[in-house]
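**Q** have a look at this prediction, sequence included:
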Amino acid sequence: MPTWDPDVYQRYKSYRDRPALDLMLRIPRDLAPREIWDLGCGTGEHAALLAARHPDARVHGLDSSAEMLERAKGQSGRVDWVLGDIASFRPEVAPDLIFTNAALQWVGDHATLFPRLMATLAPGGVLACQIPVVLDEGWRRSLRETAGEGPWVERLAKVDRVRTRTDPRDYHDWLSPLSEDLDVWMTTYVHALGGEDPIVDWTSGTSLRPYLEALTDPEEKAAFLAAWRSRLAADYPRRDDGVTLFPFPRLFIVARR
């Protein structure tokens, strides 16, 4: 998983928080977890909220970014902050709740990953997951095509890109045999963003950052961004009120073992 910039990531905190909070509302009310993991916890707000919501639980926040975890440590002293990789997650104590918001799209082989996460749960435990719906269209397509069309092609060829499996029917098929109760749904959030280059700004702390890190020459980096901005201006025109509308679909899963 690439490393993220916590400061840039936080600029759109309210937009990024909304799916996580919507997901929390769908966690079964009768669940009384004693062991909770937030996988891909980022800057830690959601792990801290889970700790406040479940004061009797042990809460762990796992992330692969030391920068994110350093910021997270200021959120709550009750959370056990763990530097680690979701792909190698093997908890010593079976969790009653695995919560993961906008992280698993960076982990491969979901057909194996999701059943494995379910298997780690305690009986009656819950997997609550939200991942962006990654379609090869819109800004993701233009970013990929821009990376593949300029003099920077070789330097960007090995950039770690988000995985593109998002068909909700697959997740139902993988999880239904393992679940006592399963809810899979999709929501498209239409974000009204301000500023000159809001989509570049939005992605510069996450999806765009690996591309920028791979381009060490400032002039080449500027040329790459200029080429992508021209595509974005056509695909996401600024409205008369100065706002750029940014539709962002997301997949939600709540599965109870």
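**A** Structure received.
**Q** quick one: the longest helix along the chain to chain centroid distance?
**A** Longest helix in the chain, counting residues (DSSP state H): helix 218-235. Computed by CA atoms, centre = their mean, to the nearest Å, the chain-centroid distance of helix 218-235 equals 24 Å.
**Q** my read: Trp174 touches Asp109, true?
**A** No - under the criterion of CB atoms under 8 Å, Trp174 is not in contact with Asp109, lying 11.0 Å apart. No exception for glycine: its C-beta is placed from N, CA and C like everyone else's.
**Q** helix or strand right after the longest helix of the chain?
**A** Following helix 218-235 in sequence order, the next helix or strand is strand 244-256 (DSSP states H and E).
**Q** helices or strands next to that following strand in the packing?
**A** The contact analysis (3 or more CB pairs under 8 Å, 6 or more residues apart in numbering; DSSP states H and E) places strand 244-256 against helix 13-24, strand 126-132, helix 168-175, strand 181-193, helix 198-203.
**Q** make JSON lines from these and add distance to Val159, mean pLDDT and mean neighbour count to it.
**A** Formatted as JSON lines, the helices and strands packed on strand 244-256 follow (distance: least, CB to CB, whole Å; pLDDT from 0 to 100; neighbours: other CB atoms under 10 Å):
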{"stretch": "helix 13-24", "distance to Val159": "22", "mean pLDDT": "89", "mean neighbour count": "16"}
{"stretch": "strand 126-132", "distance to Val159": "17", "mean pLDDT": "96", "mean neighbour count": "24"}
{"stretch": "helix 168-175", "distance to Val159": "25", "mean pLDDT": "96", "mean neighbour count": "16"}
{"stretch": "strand 181-193", "distance to Val159": "24", "mean pLDDT": "96", "mean neighbour count": "13"}
{"stretch": "helix 198-203", "distance to Val159": "13", "mean pLDDT": "90", "mean neighbour count": "20"}
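**Q** of all those, which lies closest to Pro151?
**A** Among the helices and strands packed on strand 244-256, helix 198-203 comes nearest to Pro151, with 19.8 Å by CB to CB.
**Q** contacting residues for the residue sitting nearest the centre point of the chain?
**A** Against the mean C-alpha coordinate of the chain, by CA atoms, centre = their mean, the closest residue is Ala102 at 1.8 Å. By CB atoms under 8 Å, 6 or more residues apart in numbering, Ala102 lies in contact with Arg16, Pro19, Ala20, Gly40, Gln130, Ile131, Pro132, Arg250.
**Q** ok, so of those residues, who is nearest Leu143?
**A** Pro132 (13.7 Å).
**Q** ok, what's across the strand from that closest one?
**A** Note on Pro132: beta-bridge partners by DSSP bridges are Arg250.
**Q** got the contact list for it?
**A** By CB under 8 Å, 6+ apart, the contact set of Pro132 is Ala102, Gln105, Val162, Thr166, Phe248, Pro249, Arg250, Leu251.
**Q** of these, which count as buried by neighbour count?
**A** Those of these that meet the buried threshold are Ala102, Gln105, Val162, Thr166, Phe248, Arg250, Leu251, by 16 or more other CB atoms under 10 Å.
**Q** three-state assignment of the fourth one?
**A** Three-state assignment for Thr166 (DSSP: H, G, I helix; E, B strand; the rest coil): coil.
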